[in-house]
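> Need a 3D model of the sequence below.
(chains A and B)
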Amino acid sequence: MIMLQVLIVAEKPSIAETVANALSQGSYCTRAARTSACRVHEFQSYFRGQKANIKVTSVLGHVYGFDFTKEYNDWNSVDAEELFFAGIRKVVADSSSKVVKHLTKEATGIDYLVLWLDCDREGENIACEVISCVKDSMRSVPVISGNRATVFRAKFSALTTRDICRAMNSLTFVDINQASSVDVRAEIDLKVGVAFTRFQTQYFRDKFSSLDSKLVSYGPCQTPTLGFCVARLDEISKFSPETFFLIVVNVRKDNRTTSWYSCRGKIFERQVANAVVERLNSCSNGILGKIIDITTTTERRKRPLPLNTVELLKLASKKLKISPHQVASVAESLYTQGLISYPRTESSKYPPSFDIEAVLSELERTSTWFPIVKNFRERNYPNKSRQGGVDKGDHPPITPVRGAERGSLRNAEHERVYELIVNCFLASLSEDAVVTNQQYCMLIGREKFFFCQRKLTVPGWLEFSSFTHYMESFNMNSQILFEQNDLIEDFTVSLEEMQTEPPKYLSESDLVGLMEKHGIGTDASIPTHINNIIMRDYVRLSSERRLIPTQLGILLYRGYQKIDPQLVSPVVRSHIEQEISQVASGQVDAISVVEHCLKIFWKKFVYFREHIETMDTLFETVFTTLHSRGKNFSLCGRCNRYMKLIEEKQNRLFCMNCNDTLRLPTGKFHIMNGYKCQGDAFELVTWVSSWGRPLLICPKCFSDSSSNTNFKELEWYPGMGCTELSMCRSFSCPWRQWHQCTIGLCGQCVQQAEVSKSPLSPGVLFLSPLDSLQIYCNRCSFCLKFSRDSVVQVGLEEQTEKCNVCHSRKLWLETLTSNIKQKGCLYCDSLFLVVLKRDMPRRAFHVSYRKRRTK
DNA sequence: GCAAGGTC
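The predicted model follows:
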């Protein structure tokens, strides 16, 4: 009988292992694979009635992502509007380059492929990515549906052995509609996000000098996220505080003072409040208060639901003051250490198969948790978790998996997040807390006053350390002070003047809640979006961890609102989501949705670009415009007027006349009076970079090409500015041939190359274009400065006459003593020895190197 | 350099 070859692919390594364990009843072999994370678990079993060799492995999330084709990557040559119609392609995601090879290798010769991705749209999409990776390696032709199918999809609702086996016995097919709905979302997000981001980044950077943001980004998720923060700011600033009054009666009884408040509540008119107080005071002599009513009510504080991701983010931010981004990262780390279950889940209900007992015994094995769990059990817990909550099926709620001793984890944040997760787990299985409210009502004259005593009669889940601070609001030990019909003699009446308070800025926890409510981002991406708007400097985090919009954030929001409020509205995202859902359910085809949505956003883009000047007035109030800054510097090639040099984080030249901005690199600039670029007639400038070497550049050529060039990684040599960086568009420009300044190989470099066997070619010595009494090497630190006390001028021979011995170009020298130009080689002639009062470095090496090279 | 979505 032929043994079938079956490959199962899961979305992540942990699920691959769970599946292998369940299907093989625990007897499988594991081997390493090309990607250390995606191991392969093998066993023999039956597949569709035949004996089969089954391999289970995984990918690491998406294998591919979308990007523009290469020609669209240049910010300067591509108009942002074109991006709406640009070609896009699927490219292997950064982290997945090994995964593709891994899949093709493992799929070689297989008969069947079983896709065990998470049961959501993204999972369906990744399933298709896996198919495209393995289709050429399979022995059989990949058929994705029908009787002759060779590619199947496992749909599981829980990761229990029973459910995994059930899923394996009822395999279905990949849902192409769901998969393509993900591509729809990706294409729209990419094109819209990148087009708007590029356009507004360039627009604002070229316009405002004090705006140091490298990037002014726009995104269908990040921008509405910013919107929530600014909307709250608006609520705060619109708020006008109102004065109100509370009538308070302080009663003394048994050496204790209690404050009773008028049943009228807040009184907003001062006259009314004063009148009531006066009436009470005027008749206080002889008038007694009387307790006319005592009511006792109980209030149940429900235990928390099992923990899902969003809830964890909110709780940790609120109670532990750790940012959602950080919590997500700590939880991931706890998960990979095997301490907690998978931390990205929407489920808030334990599945029926969930083994609570197993978790409890794991906790009991540590001395930290043993007494707590023991105490917990002694109260006949665990209770079944609270009614309500959702079981999404793929991942159970976040719970501890293994006990950890206090102090044994990586750092304090790990400790606190782990403790919170354990506490939430125990709390979700505890008793509800019960609060008893005792409300007393007292009558003085015709006025009623109340006093409330709250007692926590059943602490329940509030006893776990993460929640104990709730208990502080209850006066646990208070005795009952008053009885029905008691008469009160000893009291004073007073008026408390107060003001209504504005809402506070959004906390991270509030923001997570709003994003979840409006469907902005997913549990895994919400922390990233929040982090994004902080990193881009649209909001700042206050010391109380509240999100305060910055001026930039506020201006962007106001600008969008002025031009097109939908750009910041959360509704737009949900509208797109609805259309995508129709693709997923097969009601509409993907292409028409992409076209439809892009058309809408393209129109928005065009309108936004036409009206962006309305944003200027907003920005000008806060950011300095280029017009009002800078000093006249070099000549513009278009209008021949002086451009202004603006030296900020991003150096720029700004032509007021042409209203154009040229970006310059970091460093200092000197003017090269009169020398112009042959290509565009802009005046050349000398740039002294952080390496301290002067470099001649045309600002226009530099600005046009700067986006493609990483200057830090380049080595510098004379003439590079206008030649080697291909900045210059003119081949006839003499400045491309800047080797007028070069002398010859650097002796110091030659020596170093000898010693270190460096494969790098040695540097070149050149006369500084700024000061002809200085000679530099373009690579090493060698620098030669002639003393002004003895040397008048040094220059290169116009004819490129070279030294016969070492091939260096000859220099002429004019000294104070001789007054005539003398000619010689820097290395080989004694001429320079006299003025330098030293020999040139490593001449012998220099010569030997030359000789060897010329052999 | 740019979006958002998975996962390490």
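> Name the nearest residue to residue A:638, ignoring sequence neighbours.
Using CB to CB, 6 or more residues apart in numbering and skipping the chain neighbours, the partner closest in space to residue A:638 is residue A:658 (5.2 Å). C-beta: built from backbone N, CA, C; applies to glycine.
> My guess is that neighbour contacts residue A:640. True?
No: taking contacts as CB atoms under 8 Å, residue A:658 lies outside contact range of residue A:640: 10.6 Å.
> what sits against the residue nearest to residue A:638?
Neighbour list for residue A:658: A:636, A:638, A:639 [criterion: CB atoms under 8 Å, 6 or more residues apart in numbering].
> number of nearby residues for residue A:296?
With neighbours defined by other CB atoms under 10 Å, the count for residue A:296 comes to 11.
> Output the contacting helices and strands for the helix or strand where it lies.
In the assignment (DSSP states H and E), residue A:296 maps to strand A:289-301. Other helices and strands packing on strand A:289-301, by 3 or more CB pairs under 8 Å, 6 or more residues apart in numbering; DSSP states H and E, are strand A:433-444, strand A:447-458, strand A:487-488.
> ok, the following helix or strand past that strand near DNA strand B or not?
Downstream of strand A:289-301, the next assigned helix or strand under DSSP H and E is helix A:309-315. No: on the criterion CB under 7 Å from any atom of the strand, helix A:309-315 is out of touch with DNA strand B, staying 9.5 Å away.
> Residue A:556 and residue A:222 touch, don't they?
No: here residue A:556 lies out of contact with residue A:222, judged by CB under 8 Å, at a distance of 10.8 Å.
> who's more crowded, those two?
Using other CB under 10 Å as the criterion, residue A:556 and residue A:222 rank with residue A:556 on top: 28 against 22.
> can you pull the contacts of the more buried one?
Taking CB under 8 Å, 6+ apart as the test, what residue A:556 contacts is A:216, A:223, A:226, A:538.
> Turn those residues into TSV, including pLDDT and secondary structure.
Supplementary listing: the contacts of residue A:556 in TSV, determined by pLDDT from 0 to 100; DSSP: H, G, I helix; E, B strand; the rest coil:
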residue	pLDDT	secondary structure
A:216	94	coil
A:223	97	helix
A:226	97	helix
A:538	95	coil
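> between the residues you listed, which has the most around it?
Most neighbours among the contacts of residue A:556, by other CB under 10 Å: residue A:226, with 29 neighbours.
> Whichever helix in chain A runs longest packs against which elements?
Assignment by DSSP state H gives helix A:176-205 as the longest helix of chain A. Helices and strands touching helix A:176-205, as assessed by 3+ CB pairs under 8 Å, 6+ apart, comprise strand A:64-68, strand A:88-92, helix A:121-134, helix A:570-584, helix A:590-611.
> pretty sure residue A:639 is touching residue A:655, no?
Yes: counting by CB under 8 Å, residue A:655 is a contact partner of residue A:639 at 6.8 Å.
> Of the two, which one has the most company?
Each of residue A:639 and residue A:655 has its neighbours counted (other CB under 10 Å); residue A:655 has more, 21 against 13.
> hang on, that one packs against residue A:637?
No: using CB under 8 Å as the test, residue A:655 is too far from residue A:637 to be in contact (9.3 Å).
> hang on, isn't residue A:700 packed against residue A:637?
Yes: Residue A:700 lies in contact with residue A:637 (CB under 8 Å); the separation is 6.0 Å.
> so what sits against both of the two?
A:677, A:680, A:682.
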